[in-house]
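Undergrad: Predicted coordinates and the sequence they were generated for:
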Amino acid sequence: MLVRNQAIMRLKKGSTLQECGEYAILQGYVVCKTGNHLLKIMKQGTFTITEDYFLGKLIQYQAQAELHVERLPMLSATDFLQKQAKAQSDMMHQLARQLDVYSLPIKERVMALLYRIACDIGEFRYAECRIPVVFTQVEMANYAHCTREYLNGIRKMLIAEQWLAPERNWILLDWDRWEKYIEKLES
């Protein structure tokens, strides 16, 4: 449900933004996805929803928990067209990356998902990166294309191999190690 309060829109979890334009996230997270494929998660900052002719309704921008977002005015057509072109290029890159990730074995798929979420919204402290509690285990499993039980098994394996901290939250240990490993996967 979309509620307008002056220029700020408040959306509940699962609500989607569909109108072409530039938006500023004031509070909360926006998930950019296609079907059950997570392309990107965004926190405070700006993003652009491109016109329908680009990919139609295949790409969804959905509120993850309560979201406060503001639609920004178009300052100039040229500026918006440049931002839209950049958003389209980024979206094509995200789609291509998702195809590559989908072909990986499950452990590597989970690791690639955790790394991508950490890059998008992670909270870095020293050599660790904590992923805020934004997704349920079921949502994480769906984005990794496995069951929740299988995801928990992979999590235990990653803790034993010292990729993750043995805590309830997702805390990626030794960030340099993660970067090198994912870089190797993507090459």
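TA: Sure, I can see it.

Undergrad: pLDDT (mean, whole number) over whatever helix or strand Lys156 lives in?
TA: Assigned by DSSP states H and E, Lys156 falls within helix 148-160. For helix 148-160, mean pLDDT rounds to 97.

Undergrad: Give me the contacts around that helix.
TA: Helix 148-160 has contacts (C-beta atoms under 8 Å, 6 or more residues apart in numbering) with 106-107, 110-111, 137-138, 140-141, 144, 146, 164-166. Bear in mind the C-beta positions are built from the backbone N, C-alpha and C, glycine included.

Undergrad: Name only those of those that count as buried.
TA: Neighbour counting over the contacts of helix 148-160 (16 or more other C-beta atoms under 10 Å) leaves 107, 110-111, 140-141, 144, 146, 164 as the buried ones.

Undergrad: Give me the distance between the two termini of stretch 67-84.
TA: Start to finish, the residues bounding stretch 67-84 are 22 Å apart (C-alpha to C-alpha, to the nearest Å).

Undergrad: average pLDDT for that stretch?
TA: 88.

Undergrad: now do stretch 27-41
TA: The pLDDT scores in stretch 27-41 average 92.

Undergrad: So what touches whichever helix or strand comes after the helix holding Lys156?
TA: Next along the chain after helix 148-160, taking DSSP H and E as the criterion, comes strand 170-172. For strand 170-172, the external contacting residues (C-beta under 8 Å, 6+ apart) are 114-115, 117-118, 122, 128-131, 163-165, 178.

Undergrad: one step back: among the buried ones among the contacts of helix 148-160, which are in strands?
TA: Judged by DSSP state E, the subset of the buried ones among the contacts of helix 148-160 located in strands is empty.

Undergrad: Take those residues and write them to JSON lines, including distance to Asp174.
TA: Shown next, in JSON lines, are the buried ones among the contacts of helix 148-160 (distance: C-beta to C-beta, whole Å):
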{"residue": "Lys107", "distance to Asp174": "17"}
{"residue": "Val110", "distance to Asp174": "17"}
{"residue": "Met111", "distance to Asp174": "13"}
{"residue": "Met140", "distance to Asp174": "21"}
{"residue": "Ala141", "distance to Asp174": "24"}
{"residue": "Ala144", "distance to Asp174": "21"}
{"residue": "Cys146", "distance to Asp174": "24"}
{"residue": "Leu164", "distance to Asp174": "10"}
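
Undergrad: helices or strands up against the biggest helix by length in the chain?
TA: The longest helix of the chain (DSSP state H) is helix 77-102. If contacts are counted by 3 or more C-beta pairs under 8 Å, 6 or more residues apart in numbering; DSSP states H and E, helix 77-102 sits against strand 21-34, strand 37-42, strand 45-49, helix 52-55, helix 106-121.
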